[in-house]
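A.B. asks: Need a 3D model of the sequence below.
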Amino acid sequence: MTTKKKELIVTSALPYANGPLHFGHLLEHIQTDIWVRSQRIVGNDCIYLCASDAHGTPIMMKAEEENVSPEKLVDKYMNEHKKTLRTFQVLHDCYYQTHSEENKKYSELIYNTALKNGYISKQNIKQLYDQERNLFLADRYVQGNCPKCNAPNQYGDNCDVCGAKYEATELLNPISIFSKKAPIIKESEHLFFTLTKLEKEIKEWIDKSSLQDSVINKLQEWFKDGLMDWDISRDAPYFGFKIPGFEEKFFYVWLDAPIGYIGTLEKFLKDSKNKLTAKDLWSENSTHEIYHFIGKDILNFHALFWPALLHAAQFKKPSNVFVHGFLTLNGNKMSKSKGNFLLADQYSSELKSDFLRYYLASKLTNKIDDIDFNLEDFQKKVNTDLVGKFINIASRVQKFLTTNDNKIGIDLDEDLIEDFQNETEAIFNDLINLDYSNACKRIMKLADTANQYIDHNQPWILAKESINQKEVIKISSTAMNLFRILNICLEPIIPETASKIKEYLNLKDDGLDNLNISIKNHEVQKFEPLIERIEDDKIDKLKEASKSE
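C.D. replies: Next comes the predicted model:
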């Protein structure tokens with residue numbers, strides 16, 4: 001377990017501020033939150049940051065559709081995102097947005113430093129342009145026939161039918177999705193970040209970081225194919241920050257989005273009345289370690305462009321980037337149009353957040369495999385593990401403590417308790433190493449042992465004769481100690497339930513620091529059901545919700 005105190009800056013990827021959070025968003029935020037809570041429990045300092053991603057054409061178009069300003073749209077969804085994430089016990093130290101003065105300041109600072117250091121160039125590029133909307137069209141905003149196989153209704157970057165990749169200007173019979181008219185090809189000068197100049201530096205960073213093997217393999221593929229300079233500008237009209245020195249050019253959303261981590265840190269430090277700036281904590285000589293949690297779809301931005309940009313601007317590069325797979329629903333990719341889609345708020349209106357947190361934790365490893373949220377498996381897993389194994393320990397023995405004034409006794413099976421205490425180090429090591437699945441397996445194996453201990457000793461049989469009262473209290477008190485140890489181990493995963501259990505045990509400030517002290521001669525509260533089984537009707541409601549538009 002960690003002995004030397006670390007100072008960590010931790011981020012989850014930024015949800016886009018043009019709609020409510022769906023189920024897939026929760027995977028990453030819950031994964032990050034469990035890690036942050038685990039780090040804090042073992043004694044490390046963490047600043048956990050996130051924000052709503054506020055810039056780009058989709059925001060501008062959605063605001064137009066809703067007849068509000070982009071700023072109001074972003075504020076609306078930022079507040080929704082924050083509220084939803086709190087419902088799932090995801091507690092950021094600061095949740096902000098990228099359309100902020102802090103982010104503008106750091107975007108301009110990083111760009112200007114990269115420019116001064118010779119990492120910005122200009123190139124003329126040809127793009128499809130919608131004359132009716134006076135808008136350059138990104139790949140997703142144009143459809144046409146694939147230039148390779150002639151399949152219709154393909155987007156401007158790749159074909160879903162034959163898998164070909166191409167430039168949008170190569171599409172046959174292109175149509176703008178906005179005006180439904182054929183766009184023209186128009187030339188425009190763009191600014192590029194010269195990623196090709198920093199290949200050596202990125203490789204050095206990769207070698208020093210403990211990136212996942214599959215991440216390194218993917219990065220090596222990109223190096224083999226040859227890195228390309230990165231277009232960081234967009235022409236007006238565009239919702240974003242204007243590039244210094246230009247009136248009609250804006251930073252591409254993926255330039256200022258990761259800088260939003262730094263802007264959010266600045267906001268946190270200001271709100272905390274801290275005299276340090278984000279630049280102090282993110283400087284090359286800072287002692288803070290920086291960790292990003294992301295999905296595999298944005299790996300290139302975080303493991304190529306971002307460390308290169310930080311290097312060009314003389315900021316500290318991440319200590320690591322933790323990448324996870326996608327979340328599927330009932331074995332299929334989530335899709336509104338195919339009736340397989342669930343919003344975070346649809347789940348939370350039916351069931352506790354801790355149930356989802358535990359289920360995802362039981363499947364999350366430090367690999368990049370996709371995870372399936374299967375509703376029947378979810379119901380069975382939660383009912384078996386949390387209710388049938390974990391909570392069952394307390395519910396089976398609490399009634400026997402009523403004969404001892406609801407007090408845990410003095411006499412305990414100390415050897416068994418010590419075995420449980422010793423196992424906590426391996427459990428928290430698994431949590432710190434992002435192998436939550438193995439941590440859950442270890443915890444449930446201990447829960448099985450605790451239940452076997454109760455089964456073997458049969459306190460309900462012994463309690464029939466008063467002469468056995470001391471032995472019954474010993475068995476029950478030992479079981480309660482085992483229950484308390486498991487609760488500390490589960491706290492990062494199911495924080496709401498763990499807090500409730502601490503109140504029941506009258507151990508509000510319980511933690512790893514005093515784990516090795518057994519609880520003796522200690523009164524607990526009157527037992528009430530701590531969690532309830534997931535009934536079929538709840539699963540039926542979620543199934544129904546996932547099918548609706």
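
A.B. asks: And for the helix or strand residue 347 falls within, what's in contact with it?
C.D. replies: Using DSSP states H and E, residue 347 maps to helix 344-348. Contact with helix 344-348 is made by 20-23, 25-26, 84, 87-88, 356, 542, 545-546, as judged by CB atoms under 8 Å, 6 or more residues apart in numbering. Every C-beta, even on glycine, is put in place using the N, C-alpha and C of the backbone.

A.B. asks: avg pLDDT for that helix?
C.D. replies: Mean per-residue pLDDT for helix 344-348: 94.

A.B. asks: Can you name the next helix or strand after it?
C.D. replies: Immediately after helix 344-348, counting by DSSP H and E, sits helix 353-363.

A.B. asks: That next one: how far from the chain's middle?
C.D. replies: Helix 353-363 sits 13 Å away from the centroid of its parent chain (CA atoms, centre = their mean, to the nearest Å).

A.B. asks: Follow the chain on from that helix and name the next helix or strand.
C.D. replies: Immediately after helix 353-363, counting by DSSP H and E, sits strand 371-373.

A.B. asks: what pLDDT, on average, does that following strand get?
C.D. replies: pLDDT averaged over strand 371-373 gives 95.

A.B. asks: same thing with stretch 451-458?
C.D. replies: pLDDT averaged over stretch 451-458 gives 98.

A.B. asks: who's in contact with it?
C.D. replies: Contacts of stretch 451-458 (CB under 8 Å, 6+ apart): 389, 392-393, 396-397, 413, 416, 471, 475, 478-479, 482.

A.B. asks: got the buried residues for that stretch?
C.D. replies: Under the neighbour-count criterion of 16 or more other CB atoms under 10 Å, stretch 451-458 has 451, 453-454, 457 buried.

A.B. asks: In helices only, show me these.
C.D. replies: 451, 453-454, 457 (DSSP state H).

A.B. asks: I figured residue 88 was touching residue 31, is that so?
C.D. replies: No. Counting by CB atoms under 8 Å, residue 88 does not reach residue 31; the two are 11.6 Å apart.

A.B. asks: Rounded mean pLDDT for stretch 205-215, please.
C.D. replies: 92.

A.B. asks: measure that stretch end to end?
C.D. replies: Taking CA to CA, to the nearest Å, stretch 205-215 runs 13 Å from one end to the other.

A.B. asks: Residues in contact with it: which ones?
C.D. replies: 216, 219, 299, 303, 307, 311, 317-323, 366-368.

A.B. asks: what are the ranges of the helices in the stretch 401-549 of the chain?
C.D. replies: Secondary structure of the stretch 401-549 of the chain (DSSP state H, counting those that start in this stretch): helices at 414-432, 436-457, 459-462, 469-490, 495-504, 536-547.

A.B. asks: With distance to residue 276 added, can I get these in TSV?
C.D. replies: As requested, those are exported to TSV (distance: least, CB to CB, whole Å):
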stretch	distance to residue 276
helix 414-432	26
helix 436-457	32
helix 459-462	56
helix 469-490	33
helix 495-504	29
helix 536-547	45
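
A.B. asks: For residue 375, which of these is the nearest?
C.D. replies: helix 536-547 (5.1 Å; CB to CB).

A.B. asks: Alpha carbons of the closest one, as PDB, please.
C.D. replies: Below are the C-alpha coordinates for helix 536-547, written out as PDB (Å, rounded to 0.1, in the frame of the first residue of the first chain):
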ATOM      1  CA  ASP A 536     -38.000  -7.600 -11.400                       C
ATOM      2  CA  ASP A 537     -40.300  -4.600 -11.900                       C
ATOM      3  CA  LYS A 538     -37.300  -2.300 -11.700                       C
ATOM      4  CA  ILE A 539     -35.500  -4.200 -14.400                       C
ATOM      5  CA  ASP A 540     -38.700  -4.200 -16.500                       C
ATOM      6  CA  LYS A 541     -38.900  -0.400 -16.200                       C
ATOM      7  CA  LEU A 542     -35.300   0.100 -17.300                       C
ATOM      8  CA  LYS A 543     -35.800  -2.200 -20.200                       C
ATOM      9  CA  GLU A 544     -38.800  -0.200 -21.200                       C
ATOM     10  CA  ALA A 545     -36.900   3.100 -20.800                       C
ATOM     11  CA  SER A 546     -34.000   1.800 -22.900                       C
ATOM     12  CA  LYS A 547     -36.300   1.200 -25.800                       C
END
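
A.B. asks: just checking, what packs against it?
C.D. replies: helix 344-348, helix 375-381 (3 or more CB pairs under 8 Å, 6 or more residues apart in numbering; DSSP states H and E).

A.B. asks: Could you look over the ones you listed and pick the most buried one?
C.D. replies: helix 344-348 (a mean of 19; mean count of other CB atoms under 10 Å).

A.B. asks: Which one of the helices and strands packed on helix 536-547 lies nearest to residue 41?
C.D. replies: Nearest to residue 41, of the helices and strands packed on helix 536-547 and by CB to CB, is helix 375-381 at 23.5 Å.

A.B. asks: Show me what that closest one is in contact with.
C.D. replies: 330, 355-356, 358-359, 362, 534, 536, 538-539, 542-543.

A.B. asks: buried subset of these?
C.D. replies: Here, 16+ other CB under 10 Å leaves 330, 355-356, 358-359, 362, 534, 538-539, 542 buried among those.

A.B. asks: for those, which one is nearest residue 492?
C.D. replies: Nearest member of these to residue 492, counting by CB to CB, is residue 358, at 10.8 Å.
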